[in-house]
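Visitor: Sequence first, predicted model second:
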Amino acid sequence: MSIRIVRLGTERAPGEGLRIGTVRRPPRGVPKAEFASQNWYDVWYPNLAPSAETMKLGQEAQTTAQWAAFTRAYKREMAEADASRSLDLLAALSHQSAMAVGCYCEDESRCHRSLLRGLLQERGADIATG
């Protein structure tokens, strides 16, 4: 069992399990009843998404320094009690269940999900590769 880090809206991997959307907003123009069937997510969990202000920092980041500012802000948010407990829970569940967490961004290296991957690994999560 493990956690996959995925781009929401992409084809699901065999045995992926529950797909969790760690995004601020649901996909536009998609009826709620079709979120899962269109491979967006099964459960919406914005608790692990960047705040609107932090998300703006990430979207506007053009330089390494700007991306570093986004990284610091996001990690600060994820260190808050509720988010930290959520990360601990997902890390623990990764040893018992198959699941995926993700975001819409095309480039994972410039997306909070790359940071989420690291935060989960720090907590001992079993992260799927490939």
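Guide: Arrived safely.

Visitor: mind listing what residue 67 touches?
Guide: For residue 67, the residues meeting the contact criterion (C-beta atoms under 8 Å, 6 or more residues apart in numbering) are 58, 61, 110. C-betas here are computed from N, CA, C, even on glycine.

Visitor: now those: which count as buried?
Guide: 58, 61 (16 or more other C-beta atoms under 10 Å).

Visitor: Can you list the low-confidence ranges for the protein?
Guide: Low-confidence segments of the chain, defined by pLDDT under 70: 130.

Visitor: what about the longest helix seen in it, distance to the chain center?
Guide: Criterion DSSP state H: the longest helix present in the chain is helix 64-78. Here helix 64-78 shows a centroid-to-chain-centroid distance of 15 Å under the convention C-alpha atoms, centre = their mean, to the nearest Å.

Visitor: how about it: buried residues?
Guide: Going by neighbour count (16+ other C-beta under 10 Å), the buried part of helix 64-78 is 69-71, 73-74, 77-78.

Visitor: In helices, which of the contacts of residue 67 appear?
Guide: For these, the ones inside helices are residue 58, with DSSP H as the criterion.

Visitor: List phi and psi for the residue nearest to the spatial centre of the chain.
Guide: When the chain is reduced to its mean C-alpha position, the closest residue under C-alpha atoms, centre = their mean turns out to be residue 102, at 3.8 Å. Note on residue 102: backbone dihedrals following degrees, to the nearest 10 are phi -170, psi -180.

Visitor: Surely it and residue 41 touch.
Guide: Yes. Residue 102 is in contact with residue 41 according to C-beta atoms under 8 Å; the separation is 7.3 Å.
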